[in-house]
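Student: Pasted the sequence and its predicted model underneath.
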Amino acid sequence: MQLEASDDDGRARMRRSLQALATDKSLGVEARTRCSEAEALLAPNDDLEVLDAALVTVGQLIEAAMMADAAPPAKAKRATPARAVAVVKAAARVVAAPAKPSEPPVTAAPAAVTPVTAPPAAKAPVASTGPSAADLALPADIDLEILGEFILESRENLAASETALLALERDPQDAEAVNTVFRAFHTIKGTCGFLGLRMLTGFAHKAESLLSKVRDRVVPYSPECADLALRAVDLMKEMIDDTERAKDGAPLHAPVTLADLESALIAATEGGLAAAVPSAPVAAPPVASAPADAPASRPSLELPVARASVELPAARPSMEMPAPRASQEISVVTDQPGAQAETSVRVRTERLDQLVDMVGELVIAQSMVEAHPTVQDGAEHDLNRKVAHAAKIVRELQDLAMALRMVPLRPTFQKLARLVRDTSIKSQKQVEYVTAGEDTEIDRTLVDFIADPLMHMIRNAVDHGIEPPAERAQQGKAPRGTVSLSASHAGGYVVVELRDDGRGLDRGRIVRKAVERGLIESADGMSDADIYALIFAPGFSTAETVTDLSGRGVGMDVVKRNIEAARGHVEIMSEAGQGTTFTIRLPLTLAITDGMLIQVGEERYIVPTTHIHVTFRPEASHVHTVAGRGEMVALRGDVLPIVRLHKLFNVATPVTRIEDGLLMLVGDGERRTALLVDRLLGQQQVVAKALGDGVGRPPGISGGAVLGDGRIGLIIDVPGLVTFARTESWHRRTPVANRAIGEPLARSA
Amino acid sequence: MTTVSTPAAEGGAARHAGKFLTFFLAGEEYGLEILKVQEIIGILPITRVPRAPRHIRGVVNLRGKVIPIVDLRVVFGMTEDAAEETCIIVVQVRGVQLGIVVDRVSEVSMVTAAEIDEPPSFGAGVRTDFILGIGKSQSRVRMLLDIERALSANELAELQSAVG
């Protein structure tokens, strides 16, 4: 069916549907612009010739919109809004053959339309030889939300391809791995092509070309090729990071290695790897057909980014368009997205936290109901049964909510595989990386705490722990060293173990260095564990040579700090010549704390059980005073300082004699301290919460938790409290630093 | 034709005209810009936080969230008498939620530009910089609070008392 320039009704219908498409949020920005341009062209006009010309342009515009259907990339993830496409198709059929194709449309078109006149058939990939000025800025019409999603997705894709590349190195025949990488590159290329990120599109295209050759077995996956591909991944990561910064207004940068790597990729793709010496300048790239070019050749309509589930109500009325076949298509295509529904959903983390908070609230509310006298009486059987039923559901809900926050350690472990590979190549060692228990789950927030420490420790293990192959052979070990990383659950903790079979820690040298640096006076009476723990001291390094990988003594103290910040701890075991094992224990989650509820005067506090060694009722004869003031208690041969919690926190209490209260032994090593409390109220799991900004950071308090009666109990920060008690002098008034509400406040003069 | 706006409507205290939530504290009536107010809740048991700033009475559990409670009596240097407190007004100041304990919440009333006077000056010793203006309507006088300023002014007072 054709639309004649004189057919006013047909034109009006056409306009309506184009209008609907132009406001359809499920279409890309570009597509919508094209549609509204086309719509504007169809405005009533007395001059039939002008209208004819306009129809030509409209046809082209709609054709451009149809490209979306033909573009395969990323279809799996973001199914094209089939309905919209169908509408556009239908529209295209209407305008199929313009009356006077030769007529230059520019005459009729408003100024805004001019850039669209080029045929959208420019399928040739954009392959500019170098970044032009236009490449160094984000397209003006870019949708920031889509860009953000793209960045997130690309990072995942790159991480997946990195893993696949490493797997490929082990087994070059792994077709699935090649495909994974290929798909990842392809998706990135497609999406950023749509977004108009030309530099990245071009680069991803070249990387993809190489991979396609590998896939088709034209180019073998040699170590050089692996290197090249991994470097390409790195560079893309860098560019993605750069793009993210550009999102906030910074300009895009062309990475310095971009040109080199691009030519190396092309060379590798074209003529095998012999020619792929990165520094060698490469003759004209094979696809330099369209250098930094008119916007028209941008694959602008490639990908209307939208989820298929988004309904297109605006497009519905246009179904009355004279295109029955089109509507059939719709019903077929719309079924598809359902079939390939996603198995996971991205949820904003704050929403998740909110959910966990609310569930915590629910648990407390439930326990309040259970504590109600009527329920406690047990006289109302029916009520009791219902309450018990609700309690069961609430408990299950709580478990479920907590599980939502858990993520497996696999990605963390996989990232380290790359580190082992690179470090071992740099330090010319042969290292096997073995992992176990990657599916062990850990609270999302704890992953960040553990990632950095593991990186430092692995680097150390490869660089210092594992011996060079020759040395290993001398000692009768296999030339290939092993670094193994395993994770498991044990008693409410996640245990991560890093083991290497290298030379082990040198006790003698650690002692020498520690004495040299004045950390200890002598090693007399120190256990191996105490000695090894010295390597966690800031700036401590026994490495004879400082390599660019490690040995500067920065790192191990960070390791310890990070792990302790997550309320975990780390232990070292080592045997000379046999290797070293680091064992990290982390709580399953930071959200729930196992605490001991204590009472001081009228107030209640929670002490995390992990910090409590023992609680005992002191005998008067065991309490000593030093210089009439400092109180000490003798316990099994140790003499420990006593901190009166009621004094430290200014609480009025009848329990002022030490033997009337309880002493709670907390802290480690030098910081072991006995806290005087009135009594213990019992053990309780609590959900730790921040106190809110207005309160500042009171010393010795880490946060609050809602107790069974709905009131807030404060959680004691044991290390902070011990430190505070030591520095606190009872006679001096300590200025209370008050962090103001929110940001630093503008002070009035 | 140009419109000449009256100086009163242009700058000064009058530009704060709008809706205010009024409340009583120690027999005096105050107004709080309604847009800053999130909700009003009955008084809850407050958990004292040892060694927190003096104007922080403590923290409460607001539906699972821990929010600090500010004692305006301390901020204004009044004698502390919590006996008459019945309500907590939850406000949002620079993205931070906090509660203000008050004796009684009065009403939401519209204060027009014409009804607002510049804050008076009492000379040294009496801080007035956290008062937006004085609202006088229906023969009542209300101090319209600049809650952000009131809390920051207190920060200074706190430091002063700590040093002196």
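Tutor: Cool, the structure landed.

Student: What mean pLDDT does the helix or strand hosting residue A:599 get?
Tutor: Secondary structure from DSSP states H and E places residue A:599 in strand A:592-600. Along strand A:592-600, the predicted local confidence has a mean pLDDT of 85.

Student: Would you indicate which residues of it are buried?
Tutor: Residues of strand A:592-600 classed as buried under the neighbour-count rule (16 or more other Cβ atoms under 10 Å in any protein chain shown) are A:592, A:593, A:595, A:596, A:597, A:598, A:599, A:600. Backbone N, C-alpha and C define where each C-beta goes, glycine included.

Student: do stretch A:423-434 as well
Tutor: Across stretch A:423-434, burial judged by 16+ other Cβ under 10 Å covers A:423, A:424, A:427, A:429, A:431, A:433.

Student: Out of those residues, give me the two with the largest separation.
Tutor: Using Cβ to Cβ, those reach their maximum pairwise distance at A:427 and A:433, which is 14.1 Å.

Student: On the three-state scheme, the closest residue to residue B:20 other than its chain neighbours is what?
Tutor: The shortest distance from residue B:20 to any non-neighbouring residue, by Cβ to Cβ, 6 or more residues apart in numbering or on different chains, is to residue B:31 (3.5 Å). Taking DSSP: H, G, I helix; E, B strand; the rest coil as the rule, one finds residue B:31 in the strand state.

Student: Quick check: residue B:31 touching residue B:24?
Tutor: No - using Cβ atoms under 8 Å, residue B:31 is not in contact with residue B:24, being 11.1 Å away.

Student: Quick one: neighbours of the closest residue to residue A:380 other than its chain neighbours, just the number.
Tutor: Closest residue in space to residue A:380, ignoring its immediate chain neighbours: residue A:374 at 6.2 Å, by Cβ to Cβ, 6+ apart. Residue A:374 has 12 neighbours, counted by other Cβ atoms under 10 Å in any protein chain shown.

Student: Wasn't residue A:374 part of a strand?
Tutor: No - for residue A:374, which was evaluated using three-state DSSP, the result is helix, with no strand membership.

Student: In the stretch 601-749 of chain A, where is pLDDT below threshold?
Tutor: Counting by pLDDT under 70, the stretch 601-749 of chain A has low-confidence residues at A:628, A:668-670, A:728-749.

Student: which bits of chain B sit near chain A?
Tutor: Contact residues (Cβ under 8 Å from any Cβ of the partner chain) of chain B with chain A: B:45, B:47-54, B:56, B:58-61, B:63-68, B:70, B:93-98, B:129, B:148-149, B:151-153, B:155-156, B:158-159, B:162-163.

Student: Compare residue B:31 and residue B:24 (neighbour count), which wins?
Tutor: More crowded of residue B:31 and residue B:24, by other Cβ under 10 Å: residue B:31, with 27 against 16.

Student: Break down chain B into its helices, ranges please.
Tutor: Per DSSP state H, chain B has helices spanning B:7-10, B:72-76, B:147-163. These are given in chain order.

Student: residue boundaries of the strands in chain B?
Tutor: Remark: strands of chain B, listed N- to C-terminal, are B:18-25, B:28-33, B:37-42, B:56-62, B:65-70, B:87-93, B:96-102, B:104-111, B:116-117, B:131-137, B:140-145; assignment by DSSP state E.

Student: Reformat those strands as JSON lines; add mean pLDDT.
Tutor: Converted to JSON lines, those look like this (pLDDT from 0 to 100):
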{"stretch": "strand B:18-25", "mean pLDDT": "91"}
{"stretch": "strand B:28-33", "mean pLDDT": "90"}
{"stretch": "strand B:37-42", "mean pLDDT": "92"}
{"stretch": "strand B:56-62", "mean pLDDT": "89"}
{"stretch": "strand B:65-70", "mean pLDDT": "88"}
{"stretch": "strand B:87-93", "mean pLDDT": "90"}
{"stretch": "strand B:96-102", "mean pLDDT": "89"}
{"stretch": "strand B:104-111", "mean pLDDT": "89"}
{"stretch": "strand B:116-117", "mean pLDDT": "84"}
{"stretch": "strand B:131-137", "mean pLDDT": "84"}
{"stretch": "strand B:140-145", "mean pLDDT": "87"}
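
Student: Show me the one of those strands that comes nearest residue A:347.
Tutor: Closest to residue A:347 of the strands of chain B is strand B:65-70 (Cβ to Cβ; 19.9 Å).

Student: Contacts for the closest one next, please.
Tutor: With contact meaning Cβ atoms under 8 Å, 6 or more residues apart in numbering or on different chains, strand B:65-70 is reached by A:357, A:689-695, A:703-704, A:706, A:712, B:46, B:49, B:52, B:55-60, B:88, B:90, B:97-101, B:151.

Student: Could you check the angle that strand makes with strand B:56-62?
Tutor: Orientation note: strand B:65-70 sits at an angle of 150 degrees relative to strand B:56-62 (axes from the mean of the first three to the mean of the last three Cα atoms, to 10 degrees).

Student: Just the buried subset of the residues of chain B next to chain A, please.
Tutor: Neighbour-count burial (16+ other Cβ under 10 Å) applied to the residues of chain B next to chain A gives B:47-54, B:56, B:58-61, B:64-68, B:70, B:93, B:96-98, B:148-149, B:151-153, B:155, B:158-159.

Student: Show the backbone phi and psi for whichever residue of the stretch 101-250 of chain A sits closest to chain B.
Tutor: Per Cβ to the nearest Cβ, the residue of the stretch 101-250 of chain A with the smallest distance to chain B is residue A:248, at 19.6 Å. Residue A:248 adopts backbone torsions of phi -90, psi 10, taken as degrees, to the nearest 10.

Student: Report how many residues lie close to it.
Tutor: 7.

Student: What does the pLDDT read for it?
Tutor: pLDDT, the model's per-residue confidence, is 74 for residue A:248.

Student: For the residue nearest to residue B:38 when sequence neighbours are not counted, give me its contacts.
Tutor: Closest residue to residue B:38 apart from its sequence neighbours, by Cβ to Cβ, 6+ apart: residue B:90 at 4.5 Å. When the contact criterion is Cβ under 8 Å, 6+ apart, the partners of residue B:90 are B:37, B:38, B:39, B:40, B:41, B:62, B:67, B:97, B:98, B:99, B:100.

Student: what's the closest non-adjacent residue to the fifth one?
Tutor: Leaving out its chain neighbours, the residue that sits closest to residue B:41 by Cβ to Cβ, 6+ apart is residue B:88, at 5.1 Å.

Student: and the gap between the one you found and residue A:245?
Tutor: Plainly put, residue B:88 is 43 Å away from residue A:245 if you go by Cβ to Cβ, to the nearest Å.

Student: When those two are compared, which one has more neighbours?
Tutor: Counted by other Cβ under 10 Å, residue B:88 and residue A:245 do not tie: residue B:88 has more neighbours, with 25 against 13.

Student: Buried residues in stretch A:561-570, which are they?
Tutor: The neighbour-count criterion (16+ other Cβ under 10 Å) identifies A:562, A:563, A:566, A:567, A:568, A:570 as the buried residues of stretch A:561-570.

Student: Repeat that for stretch B:105-113.
Tutor: Of all the residues in stretch B:105-113, those buried under the rule 16+ other Cβ under 10 Å are B:105, B:106, B:109, B:111, B:113.

Student: Give me the contacts around it.
Tutor: Under Cβ under 8 Å, 6+ apart, the answer for stretch B:105-113 is B:8-9, B:14-24, B:29, B:31, B:34, B:40, B:87, B:89, B:135, B:137, B:142, B:144.

Student: okay, the contacts of residue B:90 in a markdown table with distance to residue A:649 next?
Tutor: Below are the contacts of residue B:90 laid out as a markdown table (distance: Cβ to Cβ, whole Å):
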| residue | distance to residue A:649 |
| --- | --- |
| B:37 | 33 |
| B:38 | 30 |
| B:39 | 31 |
| B:40 | 31 |
| B:41 | 27 |
| B:62 | 23 |
| B:67 | 21 |
| B:97 | 25 |
| B:98 | 22 |
| B:99 | 22 |
| B:100 | 24 |
